[in-house]
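K.L.:
What follows is a predicted structure for the sequence shown.
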Amino acid sequence: MKIYFFLTTILFFSFEGFSQVVTQDENTINSSLIQLAEEMPEKGSYQILLKGEKTSREIPDEIMYQVNSKRLYDEVVFIEINKNVRIKILPFREIRDKNFTPIKTYVYEK
C-alpha cells in the first residue's frame, strides 16, 4: 500500500512540473511602456531640426512626451511638427551603446 502511495505522489508531482508554463507578466510590460510615454526624453537622445533662423524653438510638452513613445529599437524616427520643424529621435540601440555621444538639441537646416 505504501508503494502505491509513493508512486502516486511521484507521478502527481512529475505532471505538476510539466504543467507549469512560464509567462511574462503583461502588467509589467504595459506599465513600462506607459512609463516611457509619460517621461520627457533625455537631452541628447533627440534633435530638433529647424528651417530658418527665425523659426520658434518652442515645442509643446505634449509633443515632447511623444518622443519616447515613438522611439524604435534600431531605426531613427522623425516627428514632423510643421513645415519648418521636425524632431529626429535616435533609436534605443544607439543611445544605450556604451560609446554613445549625445547630439545637439537644436540644429538649423537650410
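P.N.:
It's in.

K.L.:
Look up the pLDDT of Ser69 for me, please.
P.N.:
We note a pLDDT of 86 for Ser69 in this prediction.

K.L.:
With just CA atoms, put the helix or strand harbouring Ile81 into PDB.
P.N.:
Assessed by DSSP states H and E, Ile81 sits inside strand 77-82. What follows is strand 77-82, C-alpha atoms only, in PDB (Å, rounded to 0.1, in the frame of the first residue of the first chain):
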ATOM      1  CA  VAL A  77      12.300  58.200 -36.400                       C
ATOM      2  CA  PHE A  78      11.200  61.800 -37.300                       C
ATOM      3  CA  ILE A  79       8.200  63.700 -35.900                       C
ATOM      4  CA  GLU A  80       7.000  66.400 -38.300                       C
ATOM      5  CA  ILE A  81       5.700  69.400 -36.200                       C
ATOM      6  CA  ASN A  82       5.200  71.700 -39.200                       C
END
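
K.L.:
same for that strand, what does it pack against?
P.N.:
In terms of contacts (3 or more CB pairs under 8 Å, 6 or more residues apart in numbering; DSSP states H and E), strand 77-82 is packed against helix 61-70, strand 85-89. Bear in mind the C-beta positions are built from the backbone N, C-alpha and C, glycine included.

K.L.:
Mind listing the strands it pairs with, and their directions?
P.N.:
strand 85-89 (antiparallel) (DSSP bridges).

K.L.:
Helices of this protein, start to end?
P.N.:
2-19, 26-38, 61-70, 92-95 (DSSP state H).

K.L.:
The last one: how far from the chain's middle?
P.N.:
Put plainly, it is helix 92-95. Centre-to-centre, helix 92-95 and its host chain are 10 Å apart (CA atoms, centre = their mean, to the nearest Å).

K.L.:
If you count neighbours, what's buried in it?
P.N.:
Neighbour-count burial for helix 92-95 flags 92, 94-95 (criterion: 16 or more other CB atoms under 10 Å).

K.L.:
for the protein, which spans come out with low pLDDT?
P.N.:
Applying pLDDT under 70 to the chain picks out residues 11-38.
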